[in-house]
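Visitor: Fold the stuff below for me.
(chains A and B)
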Amino acid sequence: MHEKTLAGLSQALRSKAISSVELTEHYLKRIDQLDGTLNSFITVTPELALEQARAADARLADGSAGPLTGIPLAHKDLFCTRGVRTSCGSKMLDNFIAPYESTVTQRFIDAGSVTLGKTNMDEFAMGSSNESSFYGPVRNPWNLEHIPGGSSGGSAAAVAARLCAAATGTDTGGSIRQPSGFNALTGLKPTYGRVSRWGMIAYASSLDQAGPMARTAEDCALLLQAMAGFDDKDSTSVDQPVPDYSAELNQPLAGVRIGLPKEYFASGLDSTTADAIAAAVKQFQALGAEVKDISLPNADLAIPAYYVIASAEASSNLSRFDGVRFGYRCDNPADLTDLYLRSRAEGFGDEVKRRIMVGAYALSAGYYDAYYLQAQKIRRLIKNDFMAAYEQVDVILCPTSPTPAFRIGEKIDDPVSLYLTDIYTITANLAGVPGIALPAGFAGDLPIGMQLLGPYFSEPRLLNIAHQYQQHTDWHTRTPDGF
Amino acid sequence: MQWEIVIGLEIHAQLTTASKIFSGSATTFGAEPNTQASLIDLGMPGTLPVLNAQAVKNAVKFGLAIDAEIGMTNVFARKNYFYPDLPKGYQISQMELPIVGKGHLDITLDDGTVKRVGVTRAHLEEDAGKSLHEDFHGMSGIDLNRAGTPLLEIVSEPDMRSAKEAVAYAKTIHSLVRYLGICDGNMAEGSLRCDCNVSVRPKGQAEFGTRCEIKNVNSFRFIEKAINTEVQRQIELIEDGGKVVQETRLYDPNKDETRSMRSKEEANDYRYFPDPDLLPVVIEPAFIEQVRGELPELPQQKRERFQSEFGLSAYDASVLAASREMADYFEQVQQTCGDAKLAANWVMGELSSLLNKSDIEIEQSPVSASQLGGMILRIKDNTISGKIAKMVFEAMAAGEGDADQIIEARGLKQVTDSGAIEAMLDEVLAANAEQVEQYRASDEAKRGKMFGFFVGQAMKASKGKANPQQVNQLLKQKLEG
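Guide: Numbering: from 1, shown residues only, chains lettered A, B, ... in the order given. Predicted coordinates for the structure are as follows:
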């Protein structure tokens, strides 16, 4: 059963070839058997899942089912799920049972999907390797010695290992696309504002965006259909009609203009990855696309700008974790200051503390202009780069990461080299444009990812191009050994 | 040395909106702790703010009323600091682009002179919750009902030169926000709170002295006392060779002193930055015009109209226009009786003292405006005298009904039949024959004094019902004649 894509399972459910309960039990069994090694789930919710599966089967029987009804999913553990622990990968929220449902998960509940559990992640989504989780690192199913990427590393590993049909992720600087690339998955970061952030525990509010992580572009289209839409509870959500994301999947690619930004193919790019992208370019050309060289001249400023803006917002967003109302509280606080200091010192991990300190510093009196304001200016320049590029091309093609997944522990003591692995993904977050990651080949046993970036609200186009590529390649159909 | 006092005020006005500024929770005062605190007010992870349009409208009303520029692009910023009653660890406020820019306000001082005070800016922000330190056995309680209540922080220029001016300014703001219906002005419940920035400098010096900020002074009386106390402290400090340190101070009304709370060095670095959860709010000119069209007549306009339309004195006009409720009451009395002077005298006289005595607001007055107007009509048509009217007024206050009912029931109708009055006067004069003789033997000056005695006796005999003019006239004839 788990060999099927989400679209395939959807068909099987509706043709009554399988029931949602059977499917759910099957995935729960796989999680039970296989996740001990991977550590991709923080919380598994079998009772909830089976209850939802029974309800889904009723809907499937009475004809009120949609394409996602009965499909077992996993959600990144930063979406608040009512009555279920929502830890954000942190000791700080290890005891936090969310009292309400996020818009994203509510929309999946409404669509009749099944929640298998909550997936592991870098603490507060801060990380690119899933090594900063309080619940321990996640292993990459393609090679257990390697990281699965981050911060949505648990979601990526779970989907790649076929422990769920698909999963949700969030992408602040590449956290959907980079782990999708490292796991031969298709993952979409929508346009900022396309998916509601209500109930999504914030890392960097102006960059965070939720999206689907699945096997194929077709699956992503079905998932995004449920996730996207205006939400009056999120002031940054965009009140614009949601198109039918599956409608244009089969459009031919003749005449599509694809740009290759020269800055993304410069030094630092691993040669196997470069070769894989070159082969993909040929494939796109064969499908009728026009490929041109373009420039995103301010790309090299993106990493410093990102780490200032994201850390600044995080330093403020994480102030609410103070030991007073919810989450971790230190034992026997002597007074208020002691309560604050020890609850936060003991509740947060090193990477989170590092970014809070960087962010607080960047916002502090006398440094604001030099750091935060300057970073915002760079952000504007990067956005302008994209707008200029989209005058010439429809989409931009580039790798998701400079190398395939590195080894667990390899960069753990060198935060800056870890930050540099996000070099190709963070520009899309700074500009707010959508991007889709999809598998482009393998370096030995490790997947190589590429991404397509488009103008605002070009998700239908991105899904179309990715889908057409997947009609002519088979990277996305491969399964890691042992799973 | 001659010292000049320099004062600027920061007034926090809670805006009367049904729900909070960034959540749908109610804002009613005095509810059970934490019953008006939603997920958003609790700062739950993953929750987001959504701006309340009514709060924006209220702020725009204020801006238009003080002739200020309205910020077309509004940016909300986070003011970051840790405190248990600040659930998110930051307060959403406005920093660089406030909703109300530079404006001004005219205040009337005790001697009747008008002074213009500059308003630097006014911005929207959310209120914090309350920390409760009693009854928790060494711990503190947190009540987040107030967290997220919309506030308009109104910052004045350092234009005031005495505590009295500061109070006049605060009262003018108080009256204005109530006129606009944007704040209930209830200082006891904290709906209007005041921080006073106070400094002194030698008279004639151009630069300002070092200022201290007295936080949260919550009555007009305390504003005056706190400022005077602080001024005294600063002058004594400087004259003793000391230096004023820039700091935040608290006023203790029990000891009538200000105490240091924290110095500038200890002040938080609030790390303001634009709140990424809220997009800039753009206010369209059409919206501003719409709000302008909905503005009520403002206190100053009302004062001017009371003078030009009703011929009231500047003092009477300013007393009557001080609150919208008082002004409305007065105008209704005036409309009923058609006599603005009498209406003004009764509202400012008997009615005000009744309200003061019972410690109630004019909205709760036991005598309605139409009742008072109806009674004045009876004075004007000579049914009752002014003196009897006071009795009628008291009866109305006691709930005995309208003036006409009371006059009828108590038989208070004025006697204007000259025959009846003459007969009564004859009796009075006969009963006081000795005084009559004295009167007739006296000179003009003495007679003048004695005349009042006879009037008094006559009114007493008629139980106040005899028409006083007729009594005067007939009595004079009889005594002289």
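Visitor: okay, now A:Lys292: neighbour count?
Guide: 11 (other CB atoms under 10 Å in any protein chain shown). In this view, the C-beta of every residue, glycine as well, is placed from N, C-alpha and C.
Visitor: Likewise for A:Asn250?
Guide: A:Asn250 has 11 nearby residues by other CB under 10 Å.
Visitor: how near is it to A:Gln471?
Guide: 8 Å (CB to CB, to the nearest Å).
Visitor: Within the sheet, what are the partner strands of the helix or strand where B:Asn197 lies, with directions?
Guide: According to DSSP states H and E, B:Asn197 maps onto strand B:192-202. With DSSP bridges as the test, strand B:192-202 is paired with strand B:3-14 (antiparallel), strand B:212-217 (antiparallel).
Visitor: any idea how far whichever residue of the stretch 251-400 of chain A sits closest to chain B is from B:Ala26?
Guide: Closest approach between the stretch 251-400 of chain A and chain B, counting by CB to the nearest CB: A:Ser319, at 2.4 Å. Computed as CB to CB, the A:Ser319 to B:Ala26 distance reads 26 Å.
Visitor: So those two - more neighbours on which side?
Guide: Taking neighbours as other CB under 10 Å, A:Ser319 and B:Ala26 compare with A:Ser319 leading, 23 against 15.
Visitor: For that one, what are phi and psi?
Guide: When quoted as degrees, to the nearest 10, the phi and psi of A:Ser319 stand at phi -70, psi -30.
Visitor: Ok, B:Glu331 next?
Guide: phi -70, psi -30.
Visitor: At which residues are the helices of the stretch 101-250 of chain A located?
Guide: A:103-110, A:153-160, A:177-182, A:217-227 (DSSP state H, counting those that start in this stretch).
Visitor: Going along the chain, name the helices of the stretch 301-450 of chain A.
Guide: A:302-317, A:336-347, A:350-363, A:374-392, A:415-420, A:426-431.
Visitor: tell me what the last one is packed against?
Guide: In terms of contacts (3 or more CB pairs under 8 Å, 6 or more residues apart in numbering or on different chains; DSSP states H and E), helix A:426-431 is packed against helix A:302-317, helix A:374-392, strand A:446-453.
Visitor: pretty sure A:Arg14 contacts A:Leu60?
Guide: Yes - contact criterion CB atoms under 8 Å: A:Arg14 and A:Leu60 qualify, at 6.5 Å.
Visitor: could you list every residue that touches B:Ala77?
Guide: B:Ile92, B:Ser93, B:Gln94, B:Met95, B:Glu96, B:Tyr272, B:Phe273, B:Pro274, B:Asp275 (CB atoms under 8 Å, 6 or more residues apart in numbering or on different chains).
Visitor: Residue numbers of chain B in contact with chain A?
Guide: Applying CB under 8 Å from any CB of the partner chain, one finds that chain B approaches chain A through B:39, B:42-51, B:78, B:80, B:82, B:84, B:87-90, B:140, B:142, B:269, B:271-273, B:276-279.
Visitor: now the strands for the stretch 101-250 of chain A?
Guide: A:114-119, A:166-170, A:186-189, A:210-214 (DSSP state E, counting those that start in this stretch).
Visitor: Just send those strands back as CSV, with distance to chain B, mean pLDDT and mean neighbour count too.
Guide: Formatted as CSV, the strands of the stretch 101-250 of chain A follow (distance: least, CB to the nearest CB, whole Å; pLDDT from 0 to 100; neighbours: other CB atoms under 10 Å in any protein chain shown):
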stretch, distance to chain B, mean pLDDT, mean neighbour count
strand A:114-119, 13, 98, 30
strand A:166-170, 11, 98, 30
strand A:186-189, 17, 98, 34
strand A:210-214, 11, 98, 32
